[in-house]
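Student: return atomic coordinates for the entry below.
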Amino acid sequence: MGKPFILVAGATGTVGSEVVKQLVELGGRVRVLTRDPEKAKKFGKSVEAIKGDLEKPETLAPAFTGVEWNKSLGS
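Tutor: Numbers count the residues shown, from 1 in each chain. Predicted coordinates for the structure are as follows:
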């Protein structure tokens, strides 16, 4: 199994787009959660886009598959 995904929510916004760009440059395996996967095409094929909405919890499970929580970054 390869590196775990890094999940970015809000990736198609101004700040999120920059976060995705830098993670890809660092060699991260990036997945973005977006309400509109068409907007995520700007990242190219190296980024996986999953359709979902933080206000609709039932849409989130696919986004978290293969993602690991880094306990050193959060509580």
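Student: can you tell me the closest non-neighbouring residue to the residue nearest the centre of the chain?
Tutor: Nearest to the mean C-alpha position of the chain, by C-alpha atoms, centre = their mean, lies Val32 at 2.5 Å. Of all residues not flanking Val32 in the chain, Ala11 sits nearest, at 3.7 Å (C-beta to C-beta, 6 or more residues apart in numbering). Placement of C-beta: from N, CA and C, glycine included.
Student: that neighbour: what secondary structure?
Tutor: coil (DSSP: H, G, I helix; E, B strand; the rest coil).
Student: one step back: now the residue nearest to the centre of the chain: how far from Trp69?
Tutor: The spacing between Val32 and Trp69, counted by C-beta to C-beta, to the nearest Å, is 17 Å.
Student: on that earlier part again, the residue nearest to Val32 reaches Arg35, doesn't it?
Tutor: No - assessed by C-beta atoms under 8 Å, Ala11 is found out of contact with Arg35, at 10.8 Å.
Student: look at these two and report which has more neighbours.
Tutor: Ala11 (25 against 13; other C-beta atoms under 10 Å).
Student: I figured Val67 hits Lys3, correct?
Tutor: No - the pair Val67 / Lys3 is not scored as a contact, 10.9 Å apart, by C-beta under 8 Å.
Student: more neighbours: which of the two?
Tutor: In terms of neighbours (other C-beta under 10 Å), Val67 is the more surrounded of Val67 and Lys3; the figures are 13 against 10.
Student: residue contacts, that one?
Tutor: For Val67, the contact set (C-beta atoms under 8 Å, 6 or more residues apart in numbering) comprises 4-7, 31.
Student: how about low-confidence regions in the protein?
Tutor: 1, 70-75 (pLDDT under 70).
Student: need the strands for it, in chain order.
Tutor: 6-9, 30-34, 47-51 (DSSP state E).
Student: need those in TSV (columns: distance to Thr59).
Tutor: Output for those, formatted as TSV (distance: least, C-beta to C-beta, whole Å):
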stretch	distance to Thr59
strand 6-9	12
strand 30-34	9
strand 47-51	7
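Student: okay, those, which one's buried deepest?
Tutor: strand 30-34 (a mean of 23; mean count of other C-beta atoms under 10 Å).
Student: out of the strands of the chain, flag the one nearest Leu60.
Tutor: Across the strands of the chain, Leu60 has its closest neighbour in strand 30-34 (7.4 Å, C-beta to C-beta).
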